[in-house]
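S.K.: Structure for the following, please:
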Amino acid sequence: MIDKNYLKVLKELGFEEIILDKPILNQKSSNQIDKIEELNKIFEEIKACTKCDLHKNRTNPVLGEGNINAKIMFIGEAPGEEEDKQGRPFVGKAGKLLTKCIENAGHRREEVYIANINKCRPPNNRTPTIEEQEACIPFLLRQIEIINPKVLCLLGATAYRGIFKKEAKITKERGSILELMGKKVYITYHPAYVLRNPKEEEAFCQDIKNVFKLAGE
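M.R.: I've put the predicted structure just below:
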């Protein structure tokens, strides 16, 4: 049996469903509980964070969601309008495209972990400033340490800048495989860019397939 407090914590972290097969039942090991508790600590810190002005107008901060043992972590820019409403990452149109490409690769969204550089929505969905990114990036780095994925997939220029501290043209860097913290880092478009440039959807979905191959999935 999984106790109610455990389920409550999972709900606060953004889990929509729990599939009660053996792998999930076995998750309630001390290591799994430690991961959930550490993520919950980060979430509480984010809810109390005033390091930049983005907290002033948010509805809900967005920690991230997904498999806490994921081999792949997708990292985007910041919550949008729908994400701010729901407190979940990538649930708007861009998120639906990402989910579609994950499914086209033969996998499920629930298998991966999804997060953003910034945890609060910038006004009018503008790009977070460098100062705002720098204020929030420590939370993400701690998430990466906790989840400990094999592969990070950076979605767009802001994710690239936040992780590597330098600017890049994603149209040039797309498909590149770099390294960070002993992990492979795959660079691709942000799905919002793909929505504005539909001809890139095939390439984007192929990138997602490549990410799963890189992770050995």
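S.K.: alpha carbons only for contacts and neighbour counts from here, please
M.R.: OK.
S.K.: export stretch 42-55 as CSV, just CAs?
M.R.: Taking C-alpha atoms only, stretch 42-55 is exported to CSV below (Å, rounded to 0.1, in the frame of the first residue of the first chain):
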residue,chain,number,x,y,z
ILE,A,42,13.1,22.7,-3.5
PHE,A,43,9.4,23.3,-4.3
GLU,A,44,8.8,24.9,-0.9
GLU,A,45,11.9,27.1,-1.4
ILE,A,46,10.6,28.2,-4.8
LYS,A,47,7.2,29.1,-3.4
ALA,A,48,8.9,31.3,-0.8
CYS,A,49,11.5,32.7,-3.3
THR,A,50,11.8,36.5,-3.8
LYS,A,51,15.2,36.6,-5.6
CYS,A,52,13.7,38.2,-8.7
ASP,A,53,10.4,40.0,-9.5
LEU,A,54,8.8,37.2,-11.3
HIS,A,55,7.2,35.9,-8.1
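S.K.: can you map out the helices along this structure?
M.R.: Using DSSP state H, the helices of the chain run over residues 4-12, 22-25, 30-48, 81-86, 93-104, 130-147, 157-164, 170-173, 191-196, 201-214.
S.K.: Mind giving me the packing neighbours of the fifth one?
M.R.: Contacts defined by 3 or more CA pairs under 8 Å, 6 or more residues apart in numbering; DSSP states H and E place helix 93-104 against helix 191-196, helix 201-214.
S.K.: contacts for the shortest one?
M.R.: The reference is to helix 191-196. Lys93, Ala94, Gly95, Leu97, Leu98, Leu155, Glu200, Glu201, Phe204 (CA atoms under 8 Å, 6 or more residues apart in numbering).
S.K.: Also stretch 42-49?
M.R.: Leu13, His55, Pro61, Leu63, Lys119, Phe139.
S.K.: If we use 6 Å, what do you get?
M.R.: Residues from elsewhere that reach stretch 42-49, judged by CA atoms under 6 Å, 6 or more residues apart in numbering: none at all.
S.K.: now stretch 143-152: mean pLDDT?
M.R.: Throughout stretch 143-152, pLDDT has a mean value of 97.
S.K.: now do the same end-to-end measure for that stretch.
M.R.: End-to-end distance of stretch 143-152 (CA to CA, to the nearest Å): 12 Å.
S.K.: Distance from the chain centre to that stretch, please.
M.R.: Averaging C-alpha positions (CA atoms, centre = their mean, to the nearest Å) puts stretch 143-152 10 Å from its chain's average.
S.K.: and if you look at stretch 130-146?
M.R.: With CA atoms, centre = their mean, you get 12 Å for stretch 130-146.
S.K.: sorry, back to before: put together CSV for the helices of the chain, with distance to Asn124 and mean neighbour count on each row.
M.R.: Output for those, formatted as CSV (distance: least, CA to CA, whole Å; neighbours: other CA atoms under 10 Å):
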stretch, distance to Asn124, mean neighbour count
helix 4-12, 26, 13
helix 22-25, 39, 10
helix 30-48, 21, 15
helix 81-86, 8, 18
helix 93-104, 16, 18
helix 130-147, 15, 17
helix 157-164, 16, 22
helix 170-173, 22, 14
helix 191-196, 14, 16
helix 201-214, 25, 18
